[in-house]
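# Need coordinates for the following:
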Amino acid sequence: MFEDDDRPAKKNANAEIGADLSTWSVGDIEERIAVLEEEIERLQAEKKAKQGSLNAAEAFFKS
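Alright, predicted model coming up:
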């Protein structure tokens, strides 16, 4: 019906790093922060697991 809708599209919480945030609402920004915080937690958990494996391998080969 309104094909020439020129409103900005709703921002996706998976927007790329460094994207222009000038058109984002406070809610959009809060959603993005939550997504990024979850991703940081996931990355930290993976880092911890890999560090444990690395430490075990280093201990094994030192003896």
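# need the contact list for the one residue sitting closest to the centre of the chain.
Centrality entry for the chain: nearest residue to the mean C-alpha point is Leu36, 3.5 Å, by CA atoms, centre = their mean. Counting by CB atoms under 8 Å, 6 or more residues apart in numbering, Leu36 makes contact with nothing. Placement of C-beta: from N, CA and C, glycine included.
# That one in helix, strand or coil?
helix (DSSP: H, G, I helix; E, B strand; the rest coil).
# where's it relative to Glu16, distance?
Remark: distance between Leu36 and Glu16 (CB to CB, to the nearest Å) = 12 Å.
# list the residues that contact both of these two?
Taking CB under 8 Å, 6+ apart as the contact criterion, no residue touches both Leu36 and Glu16.
# Can you tell me the closest non-neighbouring residue to Ala15?
When the adjacent residues along the chain are set aside, Ala15 lies closest to Arg32, with 6.8 Å between them (CB to CB, 6 or more residues apart in numbering).
# Need the pLDDT of Ile33.
Ile33 is assigned a pLDDT of 95 by the prediction.
# Where does the prediction get shaky in the chain?
By pLDDT under 70, the low-scoring segments of the chain are 1-14, 63.
# all helices of it, in order?
Ranges of helices in the chain, per DSSP state H, are 26-62.
# Pull out the buried positions in stretch 23-32.
Of the residues in stretch 23-32, those with enough neighbours to count as buried (16 or more other CB atoms under 10 Å) are Trp24, Asp28, Arg32.
# doesn't Ala19 make contact with the last one?
No - with contact defined as CB atoms under 8 Å, Arg32 and Ala19 do not form a contacting pair (9.1 Å).
# picking that back up, from Glu30, how far out is the residue nearest to the centre of the chain?
In this structure, Leu36 and Glu30 are 11 Å apart, going by CB to CB.
# Equivalent analysis for Thr23, please.
Separation of Thr23 from Glu30 (CB to CB) stands at 15 Å.
# Quick one: distance of stretch 24-33 to the chain centre.
Using CA atoms, centre = their mean, to the nearest Å, the distance from the centre of stretch 24-33 to the centre of the chain it belongs to is 13 Å.
# Ignore what I typed, I meant stretch 27-40.
Distance of stretch 27-40 from the chain centroid (CA atoms, centre = their mean) equals 7 Å.
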